[in-house]
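# what shape does this take:
(2 chains)
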Amino acid sequence: RIYPLMRVTLTTSDGASVTVSRQLTKHSGFIEKAITDMAVDDNAVPLSAVAVDVDDATLKLVIEWLTEHRDDALPYPEKTDEERRADDIPAWDQAFVQKWDTKEDQQQTLYAVITAADKLDIKGLLDMTCKTLANKINGKTVEEMREILQLECDFTEEELAEIRKENAWCEN
Amino acid sequence: MDIFSLPDVFLRKVMRTVNIKDRLRLRLTCRAFEELVANTHAGFAGFFDSGHIRRNYVDQLEIVIGVTKFCFSEESEDEFEQFFHMLNRLFSGVSFREFEFIFKDGTFPIALIREFSQKLDIPEMHFLADSQVQLENSIHLMADFPQNKFFVDLWFLPDYESLLSIPKTEYLKIYEMTKEPTNQAIPADAFMKLVDTHKLLYLVTKPLTISSDDLMKAMQNICADPGKKCVEFRIKCSIINSIVNGYGITETSRCGEQCGEFKIISCAPRQTHENGVFDPARFHFRYGSCTIEIEDFVMNYPEATKVKIRNY
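Numbers count the residues shown, from 1 in each chain, chains lettered A, B, ... in the order given. Here you go, the predicted structure:
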(Lines give C-alpha, C1' and ligand atoms only; values in the text may rest on other atoms or scores of the structure.)
Protein backbone atom coordinates (compact mmCIF):
# COMPACT_ATOMS: atom_id res chain seq x y z
CA ARG A 1 0.00 0.00 0.00
CA ILE A 2 1.19 3.56 -0.75
CA TYR A 3 0.34 6.54 1.41
CA PRO A 4 1.16 9.60 -0.73
CA LEU A 5 0.07 12.05 1.93
CA MET A 6 2.00 10.43 4.67
CA ARG A 7 5.33 11.99 5.56
CA VAL A 8 8.27 10.72 7.54
CA THR A 9 11.01 12.67 9.32
CA LEU A 10 14.57 11.48 8.94
CA THR A 11 17.30 12.54 11.36
CA THR A 12 20.81 12.52 9.91
CA SER A 13 24.12 11.47 11.49
CA ASP A 14 25.09 15.16 11.87
CA GLY A 15 21.87 16.11 13.67
CA ALA A 16 19.75 17.57 10.87
CA SER A 17 16.11 16.66 10.25
CA VAL A 18 14.40 16.27 6.91
CA THR A 19 10.74 15.44 6.36
CA VAL A 20 9.90 13.57 3.19
CA SER A 21 6.96 11.81 1.59
CA ARG A 22 6.48 8.06 1.97
CA GLN A 23 6.30 8.05 -1.81
CA LEU A 24 10.06 8.64 -1.75
CA THR A 25 10.98 6.48 1.21
CA LYS A 26 9.16 3.46 -0.18
CA HIS A 27 12.29 2.97 -2.37
CA SER A 28 14.46 2.58 0.75
CA GLY A 29 14.35 -0.89 2.27
CA PHE A 30 15.96 0.46 5.45
CA ILE A 31 13.43 3.24 6.07
CA GLU A 32 10.46 1.07 5.19
CA LYS A 33 11.66 -1.59 7.63
CA ALA A 34 12.21 1.06 10.34
CA ILE A 35 8.64 2.30 9.87
CA THR A 36 7.29 -1.25 10.00
CA ASP A 37 9.31 -1.95 13.14
CA MET A 38 7.74 1.09 14.82
CA ALA A 39 4.43 -0.76 14.46
CA VAL A 40 2.58 2.53 14.24
CA ASP A 41 -0.89 3.06 12.87
CA ASP A 42 -0.39 3.55 9.14
CA ASN A 43 -2.76 6.49 9.20
CA ALA A 44 -0.82 8.40 11.85
CA VAL A 45 0.62 11.64 10.48
CA PRO A 46 3.45 12.34 10.97
CA LEU A 47 5.37 9.23 12.04
CA SER A 48 8.11 9.24 14.63
CA ALA A 49 11.52 10.28 13.25
CA VAL A 50 13.73 7.62 11.66
CA ALA A 51 17.44 7.94 12.37
CA VAL A 52 19.65 7.33 9.34
CA ASP A 53 23.42 6.92 9.43
CA VAL A 54 23.95 9.39 6.57
CA ASP A 55 25.08 13.03 6.79
CA ASP A 56 22.79 15.87 5.83
CA ALA A 57 24.58 16.84 2.59
CA THR A 58 24.56 13.26 1.29
CA LEU A 59 20.94 12.70 2.35
CA LYS A 60 19.91 15.77 0.36
CA LEU A 61 21.49 14.23 -2.75
CA VAL A 62 19.77 10.92 -2.06
CA ILE A 63 16.40 12.70 -1.67
CA GLU A 64 17.02 14.60 -4.91
CA TRP A 65 17.58 11.29 -6.68
CA LEU A 66 14.56 9.70 -4.99
CA THR A 67 12.36 12.64 -6.03
CA GLU A 68 13.31 12.08 -9.66
CA HIS A 69 12.73 8.33 -9.32
CA ARG A 70 9.63 8.44 -7.10
CA ASP A 71 7.50 6.70 -9.72
CA ASP A 72 10.01 3.90 -10.50
CA ALA A 73 8.53 0.42 -10.34
CA LEU A 74 8.94 -1.62 -7.18
CA PRO A 75 10.35 -4.09 -6.40
CA TYR A 76 13.51 -3.05 -8.23
CA PRO A 77 14.18 -5.59 -11.01
CA GLU A 78 17.30 -7.67 -10.30
CA LYS A 79 19.49 -8.23 -13.35
CA THR A 80 21.33 -11.44 -14.15
CA ASP A 81 25.02 -11.18 -15.05
CA GLU A 82 24.13 -11.64 -18.72
CA GLU A 83 21.69 -8.70 -18.56
CA ARG A 84 24.08 -6.47 -16.64
CA ARG A 85 25.29 -3.45 -18.64
CA ALA A 86 26.66 -0.05 -17.75
CA ASP A 87 25.68 2.01 -20.79
CA ASP A 88 22.01 2.49 -19.96
CA ILE A 89 22.18 5.18 -17.26
CA PRO A 90 19.30 7.66 -17.79
CA ALA A 91 20.35 11.17 -18.90
CA TRP A 92 19.00 12.78 -15.71
CA ASP A 93 21.13 10.43 -13.58
CA GLN A 94 24.23 11.15 -15.67
CA ALA A 95 23.75 14.87 -15.18
CA PHE A 96 23.07 14.32 -11.48
CA VAL A 97 26.46 12.65 -11.01
CA GLN A 98 28.41 15.03 -13.25
CA LYS A 99 27.33 18.23 -11.52
CA TRP A 100 29.44 17.59 -8.41
CA ASP A 101 32.20 20.22 -8.49
CA THR A 102 35.83 19.11 -8.81
CA LYS A 103 37.11 15.74 -9.96
CA GLU A 104 38.22 14.74 -6.46
CA ASP A 105 35.02 16.09 -4.93
CA GLN A 106 33.02 14.15 -7.49
CA GLN A 107 34.74 10.90 -6.53
CA GLN A 108 34.28 11.49 -2.79
CA THR A 109 30.64 12.52 -3.28
CA LEU A 110 30.05 9.43 -5.40
CA TYR A 111 31.54 7.22 -2.66
CA ALA A 112 29.37 8.93 -0.03
CA VAL A 113 26.21 8.42 -2.13
CA ILE A 114 27.16 4.75 -2.73
CA THR A 115 27.60 4.20 1.01
CA ALA A 116 24.28 5.95 1.71
CA ALA A 117 22.48 3.90 -0.95
CA ASP A 118 23.83 0.76 0.66
CA LYS A 119 22.89 1.81 4.21
CA LEU A 120 19.42 2.92 3.17
CA ASP A 121 19.03 -0.12 0.90
CA ILE A 122 18.04 1.81 -2.22
CA LYS A 123 18.68 -0.72 -4.96
CA GLY A 124 18.10 1.60 -7.91
CA LEU A 125 20.59 4.18 -6.64
CA LEU A 126 23.14 1.51 -5.82
CA ASP A 127 22.77 0.12 -9.31
CA MET A 128 23.14 3.53 -10.95
CA THR A 129 26.26 4.44 -8.94
CA CYS A 130 27.72 1.01 -9.68
CA LYS A 131 27.29 1.63 -13.40
CA THR A 132 28.77 5.11 -13.03
CA LEU A 133 31.90 3.74 -11.39
CA ALA A 134 32.13 0.90 -13.93
CA ASN A 135 31.91 3.43 -16.77
CA LYS A 136 34.77 5.44 -15.24
CA ILE A 137 36.95 2.30 -15.31
CA ASN A 138 35.88 0.67 -18.57
CA GLY A 139 38.50 0.78 -21.31
CA LYS A 140 41.04 2.70 -19.24
CA THR A 141 44.75 1.93 -18.97
CA VAL A 142 46.13 0.71 -15.66
CA GLU A 143 47.65 4.16 -15.01
CA GLU A 144 44.34 5.88 -15.77
CA MET A 145 42.53 3.47 -13.44
CA ARG A 146 44.99 4.28 -10.65
CA GLU A 147 44.40 8.00 -11.19
CA ILE A 148 40.59 7.72 -11.27
CA LEU A 149 40.43 5.47 -8.23
CA GLN A 150 43.24 7.32 -6.41
CA LEU A 151 45.37 4.21 -5.94
CA GLU A 152 49.11 3.78 -5.33
CA CYS A 153 50.89 0.94 -7.09
CA ASP A 154 52.45 -1.29 -4.41
CA PHE A 155 53.66 -4.06 -6.73
CA THR A 156 57.27 -4.76 -7.71
CA GLU A 157 58.09 -4.82 -11.43
CA GLU A 158 58.48 -8.60 -11.25
CA GLU A 159 55.02 -8.99 -9.72
CA LEU A 160 53.49 -6.78 -12.39
CA ALA A 161 55.19 -8.82 -15.11
CA GLU A 162 53.78 -12.00 -13.58
CA ILE A 163 50.20 -10.71 -13.50
CA ARG A 164 50.48 -9.32 -17.04
CA LYS A 165 51.52 -12.77 -18.21
CA GLU A 166 48.59 -14.42 -16.42
CA ASN A 167 46.14 -11.89 -17.86
CA ALA A 168 47.37 -12.60 -21.39
CA TRP A 169 45.78 -16.09 -21.22
CA CYS A 170 42.31 -14.67 -21.12
CA GLU A 171 41.21 -14.60 -24.74
CA ASN A 172 37.69 -13.18 -24.35
CA MET B 1 37.22 7.75 1.82
CA ASP B 2 38.84 5.27 -0.62
CA ILE B 3 37.24 2.71 -2.86
CA PHE B 4 38.00 -0.16 -0.48
CA SER B 5 35.89 1.42 2.26
CA LEU B 6 32.83 0.99 0.03
CA PRO B 7 30.44 -1.86 0.90
CA ASP B 8 31.59 -5.30 -0.19
CA VAL B 9 28.29 -5.93 -1.97
CA PHE B 10 28.90 -2.83 -4.07
CA LEU B 11 32.47 -3.76 -5.01
CA ARG B 12 31.29 -7.21 -6.09
CA LYS B 13 28.57 -5.57 -8.18
CA VAL B 14 31.13 -3.31 -9.85
CA MET B 15 33.32 -6.33 -10.57
CA ARG B 16 30.41 -8.00 -12.35
CA THR B 17 29.60 -4.86 -14.33
CA VAL B 18 33.03 -3.99 -15.81
CA ASN B 19 34.14 -6.23 -18.66
CA ILE B 20 36.61 -9.07 -18.18
CA LYS B 21 39.56 -7.26 -19.78
CA ASP B 22 39.11 -4.32 -17.42
CA ARG B 23 38.68 -6.60 -14.42
CA LEU B 24 41.95 -8.30 -15.19
CA ARG B 25 43.61 -4.90 -15.78
CA LEU B 26 42.39 -3.83 -12.34
CA ARG B 27 44.59 -6.62 -10.92
CA LEU B 28 47.58 -4.54 -12.00
CA THR B 29 46.58 -1.36 -10.17
CA CYS B 30 47.51 -2.42 -6.61
CA ARG B 31 47.61 -5.41 -4.26
CA ALA B 32 44.20 -4.63 -2.77
CA PHE B 33 42.57 -4.77 -6.20
CA GLU B 34 44.47 -7.92 -7.08
CA GLU B 35 42.96 -9.45 -3.92
CA LEU B 36 39.50 -8.11 -4.73
CA VAL B 37 39.57 -9.50 -8.27
CA ALA B 38 40.68 -12.90 -6.93
CA ASN B 39 38.15 -12.89 -4.09
CA THR B 40 35.31 -12.01 -6.43
CA HIS B 41 36.34 -14.68 -8.99
CA ALA B 42 37.46 -11.92 -11.34
CA GLY B 43 33.99 -10.45 -11.10
CA PHE B 44 32.27 -13.59 -12.29
CA ALA B 45 29.22 -14.71 -10.44
CA GLY B 46 29.92 -17.66 -8.17
CA PHE B 47 27.78 -19.90 -10.37
CA PHE B 48 28.12 -20.90 -14.01
CA ASP B 49 25.78 -22.99 -16.05
CA SER B 50 28.64 -24.76 -17.80
CA GLY B 51 32.34 -24.89 -18.49
CA HIS B 52 34.82 -27.17 -20.18
CA ILE B 53 38.44 -28.09 -20.64
CA ARG B 54 39.76 -29.44 -23.91
CA ARG B 55 42.44 -29.23 -26.59
CA ASN B 56 41.27 -26.80 -29.24
CA TYR B 57 41.90 -27.03 -32.98
CA VAL B 58 45.28 -25.24 -32.70
CA ASP B 59 46.35 -27.65 -29.94
CA GLN B 60 46.02 -25.12 -27.14
CA LEU B 61 44.71 -26.16 -23.78
CA GLU B 62 41.37 -24.34 -23.63
CA ILE B 63 39.37 -23.76 -20.48
CA VAL B 64 35.99 -22.11 -20.85
CA ILE B 65 34.35 -20.72 -17.73
CA GLY B 66 30.92 -19.32 -18.46
CA VAL B 67 31.47 -17.23 -21.58
CA THR B 68 35.16 -16.55 -20.96
CA LYS B 69 37.81 -18.57 -22.70
CA PHE B 70 41.33 -19.10 -21.38
CA CYS B 71 43.78 -20.56 -23.89
CA PHE B 72 47.24 -21.86 -23.22
CA SER B 73 49.71 -23.05 -25.82
CA GLU B 74 52.98 -23.55 -23.93
CA GLU B 75 53.89 -27.08 -23.08
CA SER B 76 56.53 -26.75 -20.33
CA GLU B 77 55.60 -27.91 -16.87
CA ASP B 78 56.47 -24.56 -15.29
CA GLU B 79 54.25 -22.68 -17.72
CA PHE B 80 51.38 -25.07 -17.09
CA GLU B 81 51.78 -24.58 -13.36
CA GLN B 82 51.73 -20.81 -13.78
CA PHE B 83 48.59 -21.02 -15.92
CA PHE B 84 46.79 -23.16 -13.36
CA HIS B 85 48.05 -20.93 -10.56
CA MET B 86 46.15 -18.07 -12.23
CA LEU B 87 43.00 -20.21 -12.59
CA ASN B 88 43.23 -21.35 -8.97
CA ARG B 89 43.72 -17.75 -7.89
CA LEU B 90 40.71 -16.44 -9.77
CA PHE B 91 38.21 -19.26 -9.66
CA SER B 92 38.51 -21.07 -6.33
CA GLY B 93 35.07 -21.84 -4.95
CA VAL B 94 33.02 -21.21 -8.09
CA SER B 95 30.18 -23.60 -8.98
CA PHE B 96 29.17 -25.10 -12.28
CA ARG B 97 25.95 -26.87 -13.03
CA GLU B 98 27.91 -29.01 -15.44
CA PHE B 99 31.58 -29.16 -16.46
CA GLU B 100 32.94 -31.10 -19.42
CA PHE B 101 36.36 -32.72 -19.36
CA ILE B 102 36.97 -33.32 -23.05
CA PHE B 103 40.02 -35.56 -22.93
CA LYS B 104 40.48 -35.93 -26.66
CA ASP B 105 43.10 -35.09 -29.27
CA GLY B 106 46.17 -34.65 -27.08
CA THR B 107 47.73 -34.77 -23.67
CA PHE B 108 46.48 -33.12 -20.49
CA PRO B 109 48.26 -32.05 -17.29
CA ILE B 110 46.02 -34.27 -15.20
CA ALA B 111 47.62 -33.56 -11.81
CA LEU B 112 47.05 -29.81 -12.29
CA ILE B 113 43.52 -30.38 -13.60
CA ARG B 114 42.70 -32.53 -10.55
CA GLU B 115 44.09 -29.87 -8.23
CA PHE B 116 42.04 -27.16 -10.01
CA SER B 117 38.88 -29.30 -9.99
CA GLN B 118 39.17 -29.78 -6.22
CA LYS B 119 38.62 -26.03 -5.84
CA LEU B 120 35.43 -26.04 -7.90
CA ASP B 121 31.93 -27.20 -7.11
CA ILE B 122 30.76 -29.36 -10.02
CA PRO B 123 27.79 -31.56 -9.19
CA GLU B 124 27.59 -32.91 -12.75
CA MET B 125 30.82 -33.97 -14.42
CA HIS B 126 30.84 -34.91 -18.07
CA PHE B 127 33.82 -36.84 -19.45
CA LEU B 128 34.73 -37.46 -23.06
CA ALA B 129 37.74 -39.70 -23.64
CA ASP B 130 39.25 -41.11 -26.82
CA SER B 131 41.97 -43.39 -25.45
CA GLN B 132 42.85 -45.72 -22.63
CA VAL B 133 45.07 -43.06 -21.01
CA GLN B 134 42.33 -40.44 -21.13
CA LEU B 135 39.79 -42.86 -19.67
CA GLU B 136 42.18 -43.54 -16.79
CA ASN B 137 42.54 -39.77 -16.28
CA SER B 138 38.75 -39.51 -16.18
CA ILE B 139 38.47 -42.35 -13.65
CA HIS B 140 41.06 -40.63 -11.41
CA LEU B 141 38.98 -37.45 -11.51
CA MET B 142 35.76 -39.33 -10.77
CA ALA B 143 37.43 -40.94 -7.77
CA ASP B 144 38.10 -37.44 -6.39
CA PHE B 145 34.36 -36.67 -6.40
CA PRO B 146 32.52 -39.80 -5.28
CA GLN B 147 29.31 -37.85 -4.53
CA ASN B 148 29.01 -36.30 -7.99
CA LYS B 149 26.93 -37.34 -10.98
CA PHE B 150 28.97 -38.58 -13.95
CA PHE B 151 28.23 -38.66 -17.66
CA VAL B 152 30.76 -40.51 -19.81
CA ASP B 153 31.26 -40.61 -23.58
CA LEU B 154 33.97 -42.95 -24.81
CA TRP B 155 35.10 -42.71 -28.40
CA PHE B 156 36.83 -46.09 -28.30
CA LEU B 157 36.28 -49.45 -26.67
CA PRO B 158 38.60 -49.67 -23.66
CA ASP B 159 40.00 -52.82 -22.11
CA TYR B 160 37.44 -54.52 -19.94
CA GLU B 161 39.27 -53.93 -16.68
CA SER B 162 39.09 -50.16 -17.24
CA LEU B 163 35.57 -50.35 -18.58
CA LEU B 164 34.35 -52.11 -15.46
CA SER B 165 36.22 -49.74 -13.15
CA ILE B 166 34.11 -46.78 -14.30
CA PRO B 167 31.93 -45.88 -11.31
CA LYS B 168 28.14 -45.59 -11.56
CA THR B 169 27.16 -43.04 -14.21
CA GLU B 170 24.02 -41.24 -15.28
CA TYR B 171 25.02 -42.47 -18.70
CA LEU B 172 27.86 -44.36 -20.29
CA LYS B 173 28.00 -44.09 -24.06
CA ILE B 174 30.58 -45.97 -26.06
CA TYR B 175 31.16 -45.13 -29.71
CA GLU B 176 33.63 -47.58 -31.18
CA MET B 177 34.09 -45.54 -34.32
CA THR B 178 37.43 -43.82 -34.38
CA LYS B 179 40.63 -44.89 -32.68
CA GLU B 180 41.89 -48.29 -31.67
CA PRO B 181 39.24 -50.40 -33.38
CA THR B 182 38.96 -53.86 -31.94
CA ASN B 183 37.67 -57.10 -33.33
CA GLN B 184 36.33 -58.08 -29.97
CA ALA B 185 32.77 -57.57 -28.87
CA ILE B 186 31.94 -56.84 -25.24
CA PRO B 187 31.66 -60.25 -23.55
CA ALA B 188 28.50 -61.30 -21.73
CA ASP B 189 29.81 -60.99 -18.17
CA ALA B 190 31.15 -57.47 -18.83
CA PHE B 191 27.86 -56.48 -20.48
CA MET B 192 25.85 -57.72 -17.49
CA LYS B 193 28.04 -55.75 -15.07
CA LEU B 194 27.70 -52.60 -17.18
CA VAL B 195 23.91 -53.01 -17.27
CA ASP B 196 23.85 -53.36 -13.48
CA THR B 197 26.15 -50.36 -12.87
CA HIS B 198 24.96 -47.58 -15.17
CA LYS B 199 21.60 -45.83 -15.39
CA LEU B 200 21.82 -45.46 -19.14
CA LEU B 201 24.10 -47.62 -21.25
CA TYR B 202 24.43 -46.77 -24.92
CA LEU B 203 26.72 -48.98 -26.98
CA VAL B 204 27.55 -48.10 -30.57
CA THR B 205 29.94 -51.01 -30.84
CA LYS B 206 30.22 -54.27 -32.64
CA PRO B 207 27.09 -56.40 -32.16
CA LEU B 208 27.08 -58.16 -28.82
CA THR B 209 27.65 -61.91 -28.99
CA ILE B 210 25.78 -62.72 -25.82
CA SER B 211 23.43 -65.71 -25.68
CA SER B 212 19.65 -65.47 -25.61
CA ASP B 213 19.80 -66.60 -21.96
CA ASP B 214 22.13 -63.68 -21.17
CA LEU B 215 19.79 -61.28 -22.92
CA MET B 216 16.80 -62.61 -20.96
CA LYS B 217 18.81 -62.27 -17.75
CA ALA B 218 19.68 -58.67 -18.64
CA MET B 219 15.99 -57.91 -19.27
CA GLN B 220 15.04 -59.45 -15.94
CA ASN B 221 17.70 -57.39 -14.13
CA ILE B 222 16.48 -54.19 -15.79
CA CYS B 223 12.89 -55.02 -14.83
CA ALA B 224 13.93 -55.65 -11.24
CA ASP B 225 15.98 -52.45 -10.91
CA PRO B 226 14.18 -49.97 -8.61
CA GLY B 227 15.64 -46.95 -10.45
CA LYS B 228 15.21 -45.82 -14.04
CA LYS B 229 17.39 -47.78 -16.40
CA CYS B 230 17.85 -47.82 -20.15
CA VAL B 231 20.20 -49.93 -22.29
CA GLU B 232 20.78 -49.61 -26.03
CA PHE B 233 23.02 -51.94 -28.03
CA ARG B 234 23.32 -53.93 -31.23
CA ILE B 235 22.96 -57.69 -31.36
CA LYS B 236 22.69 -60.41 -34.00
CA CYS B 237 19.12 -60.89 -35.22
CA SER B 238 19.52 -64.62 -34.58
CA ILE B 239 19.63 -64.02 -30.79
CA ILE B 240 16.38 -62.06 -30.93
CA ASN B 241 14.91 -64.73 -33.21
CA SER B 242 15.63 -67.48 -30.74
CA ILE B 243 13.86 -65.54 -27.98
CA VAL B 244 10.81 -64.38 -29.91
CA ASN B 245 10.34 -67.72 -31.66
CA GLY B 246 10.55 -69.42 -28.28
CA TYR B 247 7.58 -67.33 -27.15
CA GLY B 248 5.62 -68.02 -30.31
CA ILE B 249 6.06 -64.61 -31.88
CA THR B 250 6.14 -64.91 -35.66
CA GLU B 251 5.95 -62.61 -38.69
CA THR B 252 2.18 -62.97 -38.60
CA SER B 253 1.86 -61.88 -34.94
CA ARG B 254 -0.17 -58.75 -34.46
CA CYS B 255 -0.21 -55.76 -32.10
CA GLY B 256 -1.78 -56.43 -28.73
CA GLU B 257 -1.06 -60.14 -28.94
CA GLN B 258 0.23 -61.69 -25.72
CA CYS B 259 2.89 -64.34 -26.32
CA GLY B 260 3.96 -65.79 -23.00
CA GLU B 261 5.51 -63.02 -20.94
CA PHE B 262 5.81 -60.80 -24.01
CA LYS B 263 3.11 -58.49 -25.24
CA ILE B 264 3.42 -56.99 -28.70
CA ILE B 265 2.84 -53.24 -28.38
CA SER B 266 3.49 -52.34 -32.00
CA CYS B 267 5.07 -53.91 -35.04
CA ALA B 268 5.92 -52.39 -38.37
CA PRO B 269 7.40 -54.79 -40.92
CA ARG B 270 10.09 -53.58 -43.31
CA GLN B 271 8.55 -51.40 -46.04
CA THR B 272 10.41 -51.26 -49.32
CA HIS B 273 9.60 -48.33 -51.59
CA GLU B 274 9.68 -48.27 -55.40
CA ASN B 275 13.02 -46.46 -55.44
CA GLY B 276 14.61 -49.26 -53.39
CA VAL B 277 14.69 -47.25 -50.18
CA PHE B 278 13.17 -49.10 -47.24
CA ASP B 279 11.86 -48.22 -43.82
CA PRO B 280 13.41 -50.58 -41.28
CA ALA B 281 11.17 -53.00 -39.44
CA ARG B 282 10.31 -51.95 -35.89
CA PHE B 283 9.01 -54.13 -33.07
CA HIS B 284 7.93 -52.90 -29.71
CA PHE B 285 7.30 -55.40 -26.89
CA ARG B 286 6.47 -55.25 -23.24
CA TYR B 287 8.12 -57.69 -20.86
CA GLY B 288 7.32 -57.25 -17.18
CA SER B 289 7.97 -53.57 -16.39
CA CYS B 290 10.29 -53.20 -19.40
CA THR B 291 9.64 -52.00 -22.88
CA ILE B 292 11.81 -53.43 -25.62
CA GLU B 293 12.21 -51.62 -28.91
CA ILE B 294 13.87 -53.47 -31.75
CA GLU B 295 14.85 -51.62 -34.89
CA ASP B 296 16.05 -53.03 -38.22
CA PHE B 297 14.83 -56.43 -37.17
CA VAL B 298 13.98 -58.95 -39.84
CA MET B 299 13.15 -62.42 -38.66
CA ASN B 300 15.57 -65.12 -39.78
CA TYR B 301 17.88 -62.44 -41.19
CA PRO B 302 21.60 -62.75 -40.41
CA GLU B 303 22.30 -59.02 -39.82
CA ALA B 304 22.53 -57.18 -36.49
CA THR B 305 19.66 -55.25 -35.04
CA LYS B 306 19.43 -52.36 -32.59
CA VAL B 307 17.74 -53.07 -29.26
CA LYS B 308 16.60 -50.62 -26.61
CA ILE B 309 15.37 -51.91 -23.26
CA ARG B 310 14.05 -49.55 -20.60
CA ASN B 311 12.08 -49.95 -17.40
CA TYR B 312 10.20 -46.63 -17.48
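
# use CA for all of it now, contacts and neighbours both
Fine.

# per-residue confidence at whichever residue of the stretch 201-312 of chain B sits closest to chain A?
Going by Cα to the nearest Cα, chain A is nearest to B:K228 of the stretch 201-312 of chain B, at 34.9 Å. B:K228 is assigned a pLDDT of 92 by the prediction.

# list the contacts for it?
B:K228 makes contact with B:199, B:310-312, according to Cα atoms under 8 Å, 6 or more residues apart in numbering or on different chains.

# confirm it sits in a strand?
No - according to DSSP: H, G, I helix; E, B strand; the rest coil, the state of B:K228 is coil, so it is not within a strand.

# B:H126 versus that one, what's the distance?
19 Å (Cα to Cα, to the nearest Å).

# with A:Y76 instead?
38 Å.

# which of those two has more residues huddled nearby?
B:H126 (22 against 12; other Cα atoms under 10 Å in any protein chain shown).

# residues contacting the more buried one?
B:98-101, B:150-153.

# which residue, other than its chain neighbours, is closest to B:F278?
Residue nearest to B:F278 in three dimensions, not counting chain neighbours: B:T272, with 4.1 Å by Cα to Cα, 6 or more residues apart in numbering or on different chains.

# what about B:R270, neighbour count?
For B:R270, the tally of surrounding residues (other Cα under 10 Å) stands at 15.

# wait, it touches B:F278, no?
Yes - between B:R270 and B:F278 there is a contact under Cα atoms under 8 Å: 6.7 Å.

# CSV please, covering the contacts of B:K228 and showing neighbour count, distance to chain A and secondary structure.
Below are the contacts of B:K228 laid out as CSV (neighbours: other Cα atoms under 10 Å in any protein chain shown; distance: Cα to the nearest Cα, whole Å; DSSP: H, G, I helix; E, B strand; the rest coil):
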residue, neighbour count, distance to chain A, secondary structure
B:K199, 21, 34, coil
B:R310, 20, 39, strand
B:N311, 22, 40, coil
B:Y312, 12, 37, coil
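
# and those, which is closest to A:D118?
Using Cα to Cα, B:K199 is the member of these that sits closest to A:D118, with 49.3 Å.

# what's the closest one sitting at in phi/psi?
Per-residue torsions, B:K199: phi -70, psi -40 (degrees, to the nearest 10).

# pretty sure it is touching B:K173, no?
No - counting by Cα under 8 Å, B:K199 sits too far from B:K173 to count as a contact (10.9 Å).

# helix or strand for residue 58, which one?
All of this refers to chain A. helix A:56-68 (DSSP states H and E).

# looking at chain B here, not the other one
Assigned by DSSP H and E, B:V58 falls outside every helix and strand.

# neighbours of it, just the number please.
8.

# next one: A:K33
12.

# elements contacting whichever strand or helix holds it?
Here A:K33, judged by DSSP H and E, is contained in helix A:29-38. Packing partners of helix A:29-38 (3 or more Cα pairs under 8 Å, 6 or more residues apart in numbering or on different chains; DSSP states H and E): strand A:50-51.

# the residue nearest to A:S28 when sequence neighbours are not counted: what's it in contact with?
Counting by Cα to Cα, 6+ apart, A:S28 lies nearest to A:I122, which is 4.7 Å off, once chain neighbours are set aside. For A:I122, the contacting residues are A:27-29, by Cα under 8 Å, 6+ apart.

# what's the burial count for residue 7?
Unless you meant another one, I'm taking chain A. Around A:R7 there are 19 residues (other Cα under 10 Å).

# please go with chain B instead
17.

# any idea how far it is from chain A?
7 Å (Cα to the nearest Cα, to the nearest Å).

# and the spatially closest residue to that residue that is not a sequence neighbour, what element?
Using Cα to Cα, 6+ apart and skipping the chain neighbours, the partner closest in space to B:P7 is A:T115 (6.7 Å). In this assignment (DSSP H and E), A:T115 forms part of helix A:103-119.

# the helix or strand that that helix is followed by to helix A:103-119, inter-axis angle?
Per DSSP H and E, the first helix or strand lying C-terminal to helix A:103-119 is helix A:123-137. Angle between the axes of helix A:123-137 and helix A:103-119 is 150 degrees (criterion: axes from the mean of the first three to the mean of the last three Cα atoms, to 10 degrees).

# distance between helix A:123-137 and the chain's centre?
Relative to its chain's centre, helix A:123-137 lies at 7 Å (Cα atoms, centre = their mean, to the nearest Å).

# for that helix, which positions count as buried?
A:123-135, A:137 (16 or more other Cα atoms under 10 Å in any protein chain shown).

# ok, the closest residue to B:K199 other than its chain neighbours - contacts?
Using Cα to Cα, 6+ apart and skipping residues adjacent in sequence, the residue nearest B:K199 is B:K229, 4.7 Å away. Going by Cα under 8 Å, 6+ apart, B:K229 touches B:198-200, B:222, B:310-312.

# again, only this time at 6 Å
With contact set as Cα atoms under 6 Å, 6 or more residues apart in numbering or on different chains, B:K229 has these partners: B:199-200, B:310-311.

# for the nearest residue to B:F151 once chain neighbours are set aside, give me phi and psi.
Distances taken as Cα to Cα, 6+ apart put B:H126 closest to B:F151, at 4.6 Å, once the chain neighbours are dropped. Taking degrees, to the nearest 10, you get phi -110, psi 130 for the backbone angles of B:H126.
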